[in-house]
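In: Take this sequence and fold it.
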Amino acid sequence: MPAPDPIAEAHRQWSARWPEHADHMAAVTSVMRAQQLLLSRIEAVLKPYGLTFAAYEALRLLAFARSGTLPMGKMGTRLMVHPASVTNVIGRLEGRGLVGRAPSPDDRRVVLATITPAGRELAEEATAALNASGFGIAELPAEGAAAIRAALHPVRRVTGDVED
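Out: Next up, the predicted model:
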């Protein structure tokens, strides 16, 4: 028998004290818990490749780039992370020979990250594993995954992440 749902219990407690906020609290808490669960599953798939999800995303982004090279500032924007996080991830990937880093020949203030052949190969292998795992939710039909994406779009919109 599964354990009682702590989010349902929190919702019950909130409903008794702040009923006008209970659904919002439970929605946010549910999203945060789902994020924890999914990240755990994805990181388990990536562990044999020596990658975190952040490192995988950086490799995949570089692999998608036509030239295999992107400015690190642009990577931070596309990955939606702080520039320091990009620097950290790229530094670890560079240490493994998966990425190279160099100043831009056009603007020495810009640092370019370039995926190496070994990085491209690892990105492809890890992508195949993530695809095979259904990104941690293979048990969920594609329609369910599409419904989640659609349900979260208004949250992203009201928080200023995307426009309609």
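In: got a list of what A22 touches?
Out: If you count contacts by CB atoms under 8 Å, 6 or more residues apart in numbering, A22 has them with H11, W14, S15. Just so you know, the C-beta spots here come from the backbone N, C-alpha and C atoms, and that holds for glycine as well.
In: The first one against H24, yeah?
Out: It refers to H11. No. Using CB atoms under 8 Å as the test, H11 is too far from H24 to be in contact (10.3 Å).
In: which of the contacts of A22 count as buried?
Out: H11, W14 (16 or more other CB atoms under 10 Å).
In: Among the contacts of A22, which are located in helices?
Out: H11, W14, S15 (DSSP state H).
In: Now tabulate those in TSV and tack on pLDDT and distance to D106.
Out: TSV is the format used below for the ones in helices among the contacts of A22 (pLDDT from 0 to 100; distance: CB to CB, whole Å):
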residue	pLDDT	distance to D106
H11	96	54
W14	97	54
S15	97	58
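In: of all those, which comes closest to L59?
Out: Taking CB to CB as the measure, H11 is the one of these closest to L59, at 39.2 Å.
In: what's the single longest helix in this structure?
Out: Longest helix in the chain, counting by DSSP H: helix 19-46.
In: got a list of contacts for the next helix or strand after that helix?
Out: Scanning forward in sequence from helix 19-46 by DSSP states H and E, the next helix or strand is helix 53-64. For helix 53-64, contacts defined as CB under 8 Å, 6+ apart pick out 39, 42-43, 46, 49, 51, 68-70, 75, 78-79, 81, 85-86, 89-90, 92-93, 98-99, 113-115, 119-120, 122-124, 126-127, 130.
In: Inside strands: which ones of these?
Out: T69, L70, V99, A113, T114, I115 (DSSP state E).
In: who wins for neighbours among the residues you listed?
Out: A113 (28 neighbours; other CB atoms under 10 Å).
In: So what sits opposite that one in the bridge?
Out: For A113, the beta-bridge partners are L70, R101 (DSSP bridges).
In: That one touches S104, doesn't it?
Out: No. With contact defined as CB under 8 Å, A113 does not reach S104; the gap is 10.7 Å.
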